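J.: No sequence on hand, only this structure:
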């Protein structure tokens with residue numbers, strides 16, 4: 001079974017958002033991510049990279065205006 005972790009911007013920094021993601025769906029401008037336990041989280045983010053060999057997904061969240 002291949003599961004992935006989701007990071008914001010880079011897997012090298014301390015920016016882990018989600019662990020053990022089994023399913024990724026796109027709904028409009030959002031990502032719907034479901035983990036191995038069936039817990040679903042919706043992120044307003046863009047996918048920057050998916051590495052299936054290293055099991056990670058890099059996303060860029062949209063910054064909220066001040």
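T.: Arrived safely, thanks for sending. These figures come from a predicted structure and were not determined experimentally.

J.: Show me where the protein has its helices.
T.: Shown for the chain, no helices are assigned by DSSP state H.

J.: Please compute how far the longest strand seen in it lies from its chain's middle.
T.: Looking across the chain with DSSP state E, the single longest strand is strand 16-27. Its chain's C-alpha centre and that of strand 16-27 lie 5 Å apart, by CA atoms, centre = their mean, to the nearest Å.

J.: Next: stretch 51-66.
T.: Its chain's C-alpha centre and that of stretch 51-66 lie 6 Å apart, by CA atoms, centre = their mean.

J.: cool, stretch 26-45 as well?
T.: Taking CA atoms, centre = their mean, one finds the center of stretch 26-45 at 8 Å from the center of the full chain.

J.: Could I get the full set of strands for this structure?
T.: Taking DSSP E, the strands of the chain run over residues 4-8, 16-27, 30-35, 40-43, 45-51, 56-61.

J.: Reformat those as JSON lines; add mean pLDDT.
T.: JSON lines is the format used below for those (pLDDT from 0 to 100):
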{"stretch": "strand 4-8", "mean pLDDT": "95"}
{"stretch": "strand 16-27", "mean pLDDT": "96"}
{"stretch": "strand 30-35", "mean pLDDT": "96"}
{"stretch": "strand 40-43", "mean pLDDT": "96"}
{"stretch": "strand 45-51", "mean pLDDT": "94"}
{"stretch": "strand 56-61", "mean pLDDT": "92"}
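
J.: Of the ones you listed, flag the one that's most buried.
T.: Counting by mean count of other CB atoms under 10 Å, strand 4-8 has the highest mean neighbour count of the strands of the chain, with a mean of 19. For glycine as for every other residue, the C-beta is placed from the backbone atoms N, C-alpha and C.
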